[in-house]
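> The sequence and its predicted three-dimensional model are supplied below.
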Amino acid sequence: MSSNVVYAIVKAGGRQEKVAVGDVVVVDRLAAGTGSTVQLPALLLVDGEKVTTDAAALAAVTVTAEVVRDEKGPKIDILKYKNKTGYRKRQGHRQKLTRLKVTGIQ
C-alpha cells in the first residue's frame, strides 16, 4: 500500500461513506443545485500513515464535493397481502438521490 494515500470517512445522508479526491458517491437528496459545491463533515481522515480521529482536529478538515446531478434510485415494490380476506395492497417507492464528485480534502 502506498504511503501517500489520502481519504476520509464522511457523514452524508445518515450514512458514512469512504471518499477520496475524484470519487463519485451517491447520497440521499441534498438541497443543492447541479454544479454547486457542498461541504461534508469528516469523521476520520487518513493521510498516508497518519490517521486523524480527534474531533477538534477534524473540525478544521473540509471535504468539498460538486453536485453532478439529482437522480432516483431503483424501484422498490411493496406488496401487502392477507390470506382469506381479499386484502391486497400494492405500493412502489423510488428514493431521491444526489450524485456527488469529491473535489478536495483539506
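Perfect, thanks for sending it.
> Centre-most residue in the protein?
Among the residues of the chain, the one closest to the centroid is residue 27, at 3.4 Å (C-alpha atoms, centre = their mean).
> Let me know the average pLDDT across the helix or strand hosting that residue.
In this structure, residue 27 sits in strand 24-28 according to DSSP states H and E. Mean pLDDT, strand 24-28: 96.
> Which positions in the helix or strand following that strand come out as buried?
Where DSSP H and E defines the elements, the next helix or strand beyond strand 24-28 is strand 37-40. Within strand 37-40, the residues scored as buried using 16 or more other C-beta atoms under 10 Å are 38, 40. Just so you know, the C-beta spots here come from the backbone N, C-alpha and C atoms, and that holds for glycine as well.
> now swap in stretch 29-46 and tell me
Within stretch 29-46, the residues that count as buried by 16+ other C-beta under 10 Å are 30, 38, 40, 42, 45-46.
> before we move on, what about stretch 48-60?
For stretch 48-60, burial by neighbour count (16+ other C-beta under 10 Å) applies to residue 58.
> For this structure, just list every one of the helices.
55-58 (DSSP state H).
> what about the strands in it?
All strands of the chain, identified by DSSP state E, fall at 6-12, 15-19, 24-28, 37-40, 42-47, 50-52, 63-72, 76-82, 87-93, 96-105.
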